[in-house]
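1. Here's a sequence, model it:
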Amino acid sequence: MWVNKALGRLLAVAAFSSIATSAWAQDASGLSGGNTAWILTATALVLFMTMPGLALFYGGLVRSKNVLSVLMQCFAIACMASVMWMLFVYSLAFGDGGGMNKWIGGLDKAFMSGIGIDSMSGDIPETVFFMFQMTFAVITPALIVGAYVERIKFSAVMLFSGLWLIIVYAPVAHWVWGGGWLADMGVQDFAGGLVVHLTCGVSALVIAWQLGSRSGFPREIQPPHSPGMVMIGAAMLWVGWYGFNAGSALAAGGAAGMAMTVTHISAATAALTWMAIEWIRFGKPTLVGIATGLIAGLATITPASGFVGPIGGLIIGLIAGGLCFYMVGFIKSVMKVDDSLDVMAVHGVGGLTGTLLTAFLGTAAFGGLALSEMTPGGQFMVQLTGSAAVLVWSAVASFILIKVTSALVGLRVPADVEVEGLDLTVHGERGYDL
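-> The predicted structure is shown next:
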């Protein structure tokens, strides 16, 4: 008797489990509960990258008298980009542009028009897709902050960042992810090597060049005031990047799992590579160095994360750690551009490198997922064409926007303000009151 009762209970549990699993997978409207739950989580992780991850990472790298200015810039950009995304930037990136559909979206989704509780994007609510993509739009202009810290007007930060979202980010996002002309060409950019990292890196280089170097650059620039803060911010970015890359699968499945795996492998490998080079060249491995190498590995794997396998992640990490390390010195010492926190060297070069390597490392020969229908050479030419287009657009548009910003509000703070620090003079607060 007790055997029959136990068997009955087991069958009941199994039946309930089957019903629950089916409901979790997909309801009558086509909504996948599992995928929705994962993208909700990924959205929170990506926002965690900006606030507090990126803010702390950048804040620790500057001098103590400017730490609050960096936190304020990241915070304010996050708020502004969020509102602008709702008003019309989402529509420009993912809306229907009519006759201009391959170049820019229209305003059919402005003010979230037509996006309600029942609106769908694939098998997840469009509100969730809207929020996930919004976090990308939040972090990209915030990444540019690293180029101009300690010497720029706050009004210039806000004006330039707002215009940049409209003129640079929205069109490129549409080209690659919104059904634009680069998508039609077959460009592979899984999570933002072009849309996020190349755009912000190139724009950072241009604005750093136009703004001019910090006082005393390069010989009198003081080291980061808080390496511990840098490490904490980098660790938060590392965790948040799982949402960035694995979330871009837009589903809780094998693709997300592989994207997360290769992201971690690349990040760890690049961090060790950077540390090893620094140790050999300068005799001491630094916390700031290994943390910066980590970010280089994360940025470089981003476009490839949905196409390569573990071996590809390892190779990308090795290349990212060495190449980005070299480019830091090249930009500052050879080009003489004070890209203060190395946005171009880490994000721009990393995003470009990962985009180009995807053509080869995404093939079965390197353990990739072989998702391209082209030959490796053909895919490489497509990747190169897309990269060149995004690079040129970002550079030219950013140069014009900088000139507009300079004419309207000016760019650089007065020399005495720079000497005293932006925290007290611009924001009326101190990071530390000791």
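2. all helices of the stretch 51-200 of the chain, in order?
-> For the stretch 51-200 of the chain, the helices defined by DSSP state H, counting those that start in this stretch cover 55-61, 67-84, 90-94, 126-148, 154-164, 170-177, 181-185, 199-211.
3. Can you tell me what sits against the third one?
-> Defining contact as CB atoms under 8 Å, 6 or more residues apart in numbering, one finds that helix 90-94 is touched by 104-110, 112-113, 130, 133-134, 137, 166, 169-171, 173-174, 177-178. C-beta coordinates here come from the backbone N, C-alpha and C atoms, glycine included.
4. Format the helices of the stretch 51-200 of the chain as a markdown table; extra columns: mean pLDDT and mean neighbour count.
-> Formatted as a markdown table, the helices of the stretch 51-200 of the chain follow (pLDDT from 0 to 100; neighbours: other CB atoms under 10 Å):
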| stretch | mean pLDDT | mean neighbour count |
| --- | --- | --- |
| helix 55-61 | 98 | 26 |
| helix 67-84 | 98 | 21 |
| helix 90-94 | 97 | 25 |
| helix 126-148 | 98 | 24 |
| helix 154-164 | 98 | 20 |
| helix 170-177 | 98 | 25 |
| helix 181-185 | 97 | 17 |
| helix 199-211 | 98 | 26 |
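5. need those helices in JSON lines with distance to residue 303, can you?
-> Formatted as JSON lines, those follow (distance: least, CB to CB, whole Å):
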{"stretch": "helix 55-61", "distance to residue 303": "21"}
{"stretch": "helix 67-84", "distance to residue 303": "21"}
{"stretch": "helix 90-94", "distance to residue 303": "17"}
{"stretch": "helix 126-148", "distance to residue 303": "13"}
{"stretch": "helix 154-164", "distance to residue 303": "20"}
{"stretch": "helix 170-177", "distance to residue 303": "10"}
{"stretch": "helix 181-185", "distance to residue 303": "12"}
{"stretch": "helix 199-211", "distance to residue 303": "12"}
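6. Let me know which of those helices is the nearest to residue 285.
-> helix 55-61 (17.4 Å; CB to CB).
7. other SSEs contacting that closest one?
-> helix 67-84, helix 126-148, helix 227-246, helix 287-301 (3 or more CB pairs under 8 Å, 6 or more residues apart in numbering; DSSP states H and E).
8. Please enumerate residues in contact with that helix?
-> With CB under 8 Å, 6+ apart as the test, helix 55-61 has contacts from 67-68, 70-71, 74-75, 142, 145-146, 149, 224-234, 236-237, 288, 291, 295, 340-341.
9. before we move on, what about stretch 63-76?
-> Taking CB under 8 Å, 6+ apart as the rule, stretch 63-76 contacts 50-51, 54-56, 58-60, 62, 142, 145, 149-150, 154, 157-158, 222, 225-226, 420-424, 426-427, 429-432.
10. Now the residue nearest the centre of the chain: closest residue in space, sequence neighbours ignored.
-> For the chain, the residue sitting closest to the mean C-alpha position, by CA atoms, centre = their mean, is residue 196 at 5.0 Å. Leaving aside its sequence neighbours, residue 196 sits nearest to residue 140 (CB to CB, 6 or more residues apart in numbering; 4.9 Å).
11. so who does the one you found touch?
-> Contacts for residue 140 (CB under 8 Å, 6+ apart) come out as 165, 169, 192, 195, 196, 199, 200.
12. Distance check, it against residue 161.
-> 10 Å (CB to CB, to the nearest Å).
13. same thing with residue 343?
-> For residue 343 relative to residue 161 (CB to CB), the value is 14 Å.
14. now residue 224
-> Distance, residue 224 to residue 161, using CB to CB: 24 Å.
15. just residue 106 next, same as before
-> For residue 106 relative to residue 161 (CB to CB), the value is 23 Å.
16. Over to residue 125?
-> 28 Å.
17. which helix of this protein spans the most residues?
-> Criterion DSSP state H: the longest helix present in the chain is helix 376-409.
18. where along the stretch 301-434 of the chain do the helices fall?
-> Under DSSP H, counting those that start in this stretch, the stretch 301-434 of the chain gives helices at 310-329, 343, 349-361, 376-409, 415-420, 422-427.
19. mind checking pLDDT for residue 1?
-> pLDDT recorded at residue 1 is 43.
20. just checking, residue 164 touches residue 143?
-> No - applying CB atoms under 8 Å as the test, residue 164 and residue 143 come out as separate, 11.1 Å apart.
21. Can you give me every residue that contacts the closest residue to residue 102 other than its chain neighbours?
-> Distance criterion CB to CB, 6+ apart; nearest residue to residue 102, sequence neighbours excluded, is residue 181 at 4.3 Å. Each residue near residue 181 by CB under 8 Å, 6+ apart is listed here: 102, 103, 175.
22. do residue 82 as well
-> 134, 138 are the contacts of residue 82 under CB under 8 Å, 6+ apart.
23. And residue 375, by the same measure?
-> By CB under 8 Å, 6+ apart, no residues touch residue 375.
24. Next, give phi and psi for it.
-> Main-chain torsions, residue 375, degrees, to the nearest 10: phi -70, psi 160.
25. what's the pLDDT at it?
-> pLDDT for residue 375: 97.
26. Sort out which residues of the longest helix of the chain are buried, please.
-> Under the neighbour-count criterion of 16 or more other CB atoms under 10 Å, helix 376-409 has 376, 379-380, 382-383, 386-387, 389-391, 393-395, 397-398, 401-402, 405-406 buried.
27. again with stretch 314-332
-> Buried residues in stretch 314-332 (16+ other CB under 10 Å): 314-325, 327-328, 331-332.
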